[in-house]
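Let me see the structure of the following:
(one chain, ligands or ions: 1)
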Amino acid sequence: MSQNGEQKSLIMIFGATGDLANRKLFPSLYRLFRKGLLSDRFAVIGVARRPLTNEQFQENVKKSVVEAGENAGGIAEFASHFYYHSHDVTDSASYAALKGMAKELDNHYGLGGNRIFYLAMAPEFFGPIALHLKSDGLTDVQGFKRLVIEKPFGHDLESAIELNEQIRTAFSEDEVYRIDHYLGKQMVQNIEVIRFANALFEPLWNNRYISNIQVTSSETLGVEERGRYYETSGALRDMVQNHMLQMVALLAMEPPIKLTTDEIRSEKIRVFRSLRTIEGEEVSNYFVRGQYGAGTLDGKEVPSYRDEPNVDKNSNTETYVAGKLMIDNQRWAGVPFYIRTGKRLGAKSTKIIVQFKDVPMNLYYQPNKPLNPNLLVIHIQPEEGITLHLNAKKAGQGMDATEVKLSFANNAINEMNTPEAYELLLYDCMRGDATNFAHWDEVALSWSFVDKISDAWESTKDESFPNYEPGSRGPAAADELLSKDGFFWWRVRDLKVERC
Ligand code: NAD
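Coordinates of the predicted model:
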């Protein structure tokens with residue numbers, strides 16, 4: 001790193017003509033450039049199958065930056081750092097040409113042999129590319145070498161182990177940056193600060209004062225053109241194994257002794273180790289699955305999941321999951337962490353609700369008007385902020401209690417959250433900070449938790465599918481999951497919460 005915080009490195013993006021590169025990576029690099037966080041000493045080699053000249057590639061990069069809504073000042077200078085290599089990922093000759101190009105750019109820009117290999121391609125290529133990078137000499141460098149790898153990291157524990165072994169032949173664990181873009185979101189990163197920087201919360205953050213925690217990530221979109229991938233994944237593998245469990249780990253971890261990568265990761269790993277194993281017949285007591293039917297959403301007819309392109313007409317794949325996780329340790333024994341995620345739901349929203357226990361004696365009791373519990377809501381997207389729901393005296397005569405809300409809002413703009421997540425994560429990778437990336441132990445433990453649930457689901461077809469309507473809250477069984485424990489999901493509307 002240079003003294004003013006600028007980074008110098010050669011970044012090779014495999015899959016440079018793809019959706020991820022164009023929608024997220026180029027605009028994120030541009031923002032870093034505009035903020036002065038990329039020095040003049042950086043170069044990007046875009047790698048993909050299609051033949052393109054450097055000039056054509058640079059035009060693509062400029063276009064993606066403009067389409068991301070950036071003002072595009074300095075864009076010509078930015079784009080001049082981009083080069084293109086048409087590549088066959090399975091052919092050593094192609095890697096030899098890439099190596100020559102990398103060496104030239106390294107000399108030209110004075111990059112000190114620092115290399116970042118970003119795999120933004122279909123997951124079946126991750127292992128072969130990592131093996132070729134080593135065998136064809138691209139990882140023989142003077143500076144640092146880092147591998148950034150997109151999700152999905154395997155399909156289950158077995159395939160994840162196989163992929164990890166391939167990667168580890170070329171990169172050590174601390175050189176592997178496994179992207180979970182939720183870990184780049186501002187308000188997910190804020191969980192630690194809210195917890196550990198506030199005397200108000202940390203003493204209460206345990207089973208004596210918290211009754212349950214709810215983590216929701218809902219989408220209004222269906223699977224669109226991703227049917228082929230989604231059929232092999234489903235909501236459990238696509239969302240729970242990574243994003244949902246990562247948020248739970250941040251909520252549940254013990255305070256690290258220092259804010260270092262190793263300390264934070266080791267506390268998160270302890271949470272994964274404390275997750276109660278759920279398997280076999282027990283699965284139906286803890287997890288609910290759903291699949292969307294046909295219907296109307298925002299006044300438009302939308303097809304059922306089974307009628308989406310590349311989806312089996314009798315598909316048993318879940319597009320919705322709700323689950324109850326128990327963390328069997330001193331801090332959390334007895335506190336359910338409820339999670340739910342799904343497609344084609346009524347709102348696009350990610351939020352966390354921490355419900356505190358009721359006061360021991362309700363002095364303000366009124367028949368048919370229960371006192372609200374205190375709630376801390378962390379709004380992750382599209383709104384970004386925190387609301388704290390308390391009770392206070394209702395204005396006017398008498399001493400009735402009413403709900404009041406303290407709120408803090410980041411100035412979030414819809415859809416701007418995710419590119420910023422990539423911006424933060426790319427910068428972290430350039431600086432060599434792997435805190436907000438998933439360690440192998442986290443990946444392995446979360447797969448072994450999730451595999452037992454998918455084993456149970458794969459062995460039994462859900463005859464109720466499709467079992468929820470587009471625009472709804474998901475299947476009714478998800479409400480029962482909580483009501484049998486005496487709880488209910490909280491609904492957040494315009495930063496206000498209601499029982500549902
Ligand atoms: P995509 O299909 O849009 O792009 C794939 C890229 O790989 C293209 O540039 C293509 O030219 C290249 N490619 C394919 N086969 C090749 C070959 N044999 N040799 C050389 N290049 C080849 O995919 P995407 O949506 O950009 O996703 C890439 C990865 O990122 C996937 O692992 C995906 O799961 C992950 N991801 C994507 C998003 C997203 O928003 N698109 C979000 C999260 C994770």
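
in this protein, what residue sits furthest out from the centroid?
Gln397 (48.5 Å; CA atoms, centre = their mean).

how close does it get to Val193?
Distance of Gln397 to Val193, computed by CB to CB, to the nearest Å: 41 Å. C-beta coordinates here come from the backbone N, C-alpha and C atoms, glycine included.

if we can go back for a sec, now the residue farthest from the centre of the chain: phi and psi?
Per-residue torsions, Gln397: phi -70, psi 160 (degrees, to the nearest 10).

OK, contacts around Lys300?
Counting by CB atoms under 8 Å, 6 or more residues apart in numbering, Lys300 touches no other residue.

Check it and give its pLDDT.
Here the pLDDT value assigned to Lys300 is 93.

May I have the phi/psi pair for the nearest residue to Thr17 once chain neighbours are set aside?
Closest residue to Thr17 apart from its sequence neighbours, by CB to CB, 6 or more residues apart in numbering: Ala48 at 4.2 Å. With angles defined as degrees, to the nearest 10, Ala48 sits at phi -160, psi 180.

Let me know the distance separating Ala48 from the ligand.
With distances taken as CB to the nearest ligand atom, to the nearest Å, Ala48 is found 3 Å from the ligand.

Is that residue in contact with Gly15, as I believe?
Yes. Ala48 lies in contact with Gly15 (CB atoms under 8 Å); the separation is 6.1 Å.

ok, the two, which is more surrounded?
More crowded of Ala48 and Gly15, by other CB atoms under 10 Å: Gly15, with 24 against 21.

tell me the contacts of the residue nearest to Asp400 when sequence neighbours are not counted?
Spatially, and ignoring its direct neighbours in sequence, Asp400 is nearest to Lys394 (4.4 Å; CB to CB, 6+ apart). By CB under 8 Å, 6+ apart, Lys394 lies in contact with 400-402.

same check, this time on Phe14
47-48, 87, 89, 117-121, 125, 129.

what separates the residue nearest to Asp400 from Tyr364, distance-wise?
10 Å.

okay, and the common contacts of these two?
With CB under 8 Å, 6+ apart, Lys394 and Tyr364 have common neighbours 400-401.

Give me the neighbour count for the residue in the stretch 151-300 of the chain that the ligand sits nearest to.
Using CB to the nearest ligand atom, the closest approach of the stretch 151-300 of the chain to the ligand is made by Lys151 at 5.2 Å. Counted with other CB under 10 Å, the neighbours of Lys151 add up to 19.

do the same with Asp140
11.

what's the answer for Lys24, then?
With neighbours defined by other CB under 10 Å, the count for Lys24 comes to 22.

wait, it sits on Tyr422?
Yes. Using CB under 8 Å, Lys24 is in contact with Tyr422, at 4.5 Å.

confidence score at whatever residue of the chain ends up closest to the ligand?
Going by CB to the nearest ligand atom, the ligand is nearest to Gly18 of the chain, at 2.2 Å. Note for Gly18: predicted pLDDT of 96.

Just to check, it is in contact with Tyr118?
No. Using CB under 8 Å, Gly18 makes no contact with Tyr118, being 11.2 Å away.

helix or strand for Lys8, which one?
Using DSSP states H and E, Lys8 sits in strand 7-14.

Up against the ligand, what does this structure have?
Proximity of the chain to the ligand, by CB under 6 Å from any ligand atom, involves residues 15-21, 48-50, 87-89, 120-123, 150-151.

Please narrow those to those residing in helices.
In this view, the residues of the chain next to the ligand that belong to helices under DSSP state H are 19-20.

what about burial for the residues of the chain next to the ligand, which qualify?
The neighbour count (16 or more other CB atoms under 10 Å) marks 15-18, 20-21, 48, 87, 89, 120-121, 123, 150-151 as buried among these.

Of those residues, which pair is most distant in space?
Within those, His87 and Lys151 form the most distant pair, 22.0 Å apart (CB to CB).

Pipe the contacts of Phe14 into CSV and attach pLDDT per row.
Formatted as CSV, the contacts of Phe14 follow (pLDDT from 0 to 100):
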residue, pLDDT
Val47, 97
Ala48, 96
His87, 90
Val89, 90
Phe117, 98
Tyr118, 98
Leu119, 97
Ala120, 96
Met121, 94
Phe125, 95
Ile129, 96
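
Now that we have these, can you turn them into JSON lines and tack on distance to Glu173?
Compiled in JSON lines, the contacts of Phe14 are given as follows (distance: CB to CB, whole Å):
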{"residue": "Val47", "distance to Glu173": "24"}
{"residue": "Ala48", "distance to Glu173": "28"}
{"residue": "His87", "distance to Glu173": "27"}
{"residue": "Val89", "distance to Glu173": "23"}
{"residue": "Phe117", "distance to Glu173": "15"}
{"residue": "Tyr118", "distance to Glu173": "18"}
{"residue": "Leu119", "distance to Glu173": "16"}
{"residue": "Ala120", "distance to Glu173": "21"}
{"residue": "Met121", "distance to Glu173": "22"}
{"residue": "Phe125", "distance to Glu173": "21"}
{"residue": "Ile129", "distance to Glu173": "18"}
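
and those, which of them are in strands?
Cross-referencing those against strands under DSSP state E gives 47-48, 117-119.

By neighbours, which of those residues wins?
Val47 leads the ones in strands among the contacts of Phe14 on contacts (other CB under 10 Å) with 28 neighbours.

I figured that residue was touching Gly15, is that so?
Yes. At 7.4 Å, Val47 counts as touching Gly15 under the criterion of CB under 8 Å.

any chance you could map the helices in the stretch 151-300 of the chain?
157-168, 186-196, 227-231, 234-235, 245-252, 261-274, 283-286 (DSSP state H, counting those that start in this stretch).

any chance of these in a markdown table, with mean pLDDT and mean neighbour count too?
Converted to a markdown table, these look like this (pLDDT from 0 to 100; neighbours: other CB atoms under 10 Å):
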| stretch | mean pLDDT | mean neighbour count |
| --- | --- | --- |
| helix 157-168 | 97 | 17 |
| helix 186-196 | 95 | 18 |
| helix 227-231 | 96 | 17 |
| helix 234-235 | 98 | 23 |
| helix 245-252 | 98 | 24 |
| helix 261-274 | 97 | 19 |
| helix 283-286 | 97 | 15 |
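
Walk me through the regions of the chain where pLDDT falls short of the threshold, as ranges.
Within the chain, the ranges that satisfy pLDDT under 70 run 1-6, 411-419, 494-496.

Contact partners for the most centrally placed residue in it?
The centre of the chain sits closest to Tyr182, judged by CA atoms, centre = their mean, with a distance of 2.8 Å. Taking CB under 8 Å, 6+ apart as the criterion, Tyr182 is in contact with 188, 242-243, 246-247, 350, 380, 421.

give me that answer again for 6 Å
188, 243, 246 (CB atoms under 6 Å, 6 or more residues apart in numbering).

same deal with Ala79?
By CB under 6 Å, 6+ apart, the contact list for Ala79 reads 58, 61-62.

And for Leu147?
117, 171, 176.

Doesn't it lie inside a strand?
Yes. Assigned with DSSP: H, G, I helix; E, B strand; the rest coil, Leu147 falls within a strand.

So what pairs up with it in the strands?
Listed by DSSP bridges, the beta-bridge partners for Leu147 are Phe117, Val176.

I'd like the distance from it to Arg178, if you could.
9 Å.

Repeat that for Ala478.
Using CB to CB, Ala478 is found at 29 Å from Arg178.

what's the answer for Glu463, then?
Distance from Glu463 to Arg178, by CB to CB: 37 Å.

more crowded one of the two?
Set Glu463 next to Arg178 and count neighbours by other CB under 10 Å: Arg178 wins out with 21 against 7.

Contacts only, for the more buried one.
149, 153, 437-438.

Out of these, which end up buried?
So, by 16+ other CB under 10 Å, the buried ones in these are 149, 153, 437-438.

Using JSON lines, lay out those residues together with distance to Ala322.
Compiled in JSON lines, the buried ones among the contacts of Arg178 are given as follows (distance: CB to CB, whole Å):
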{"residue": "Ile149", "distance to Ala322": "29"}
{"residue": "Phe153", "distance to Ala322": "24"}
{"residue": "Phe437", "distance to Ala322": "27"}
{"residue": "Ala438", "distance to Ala322": "23"}
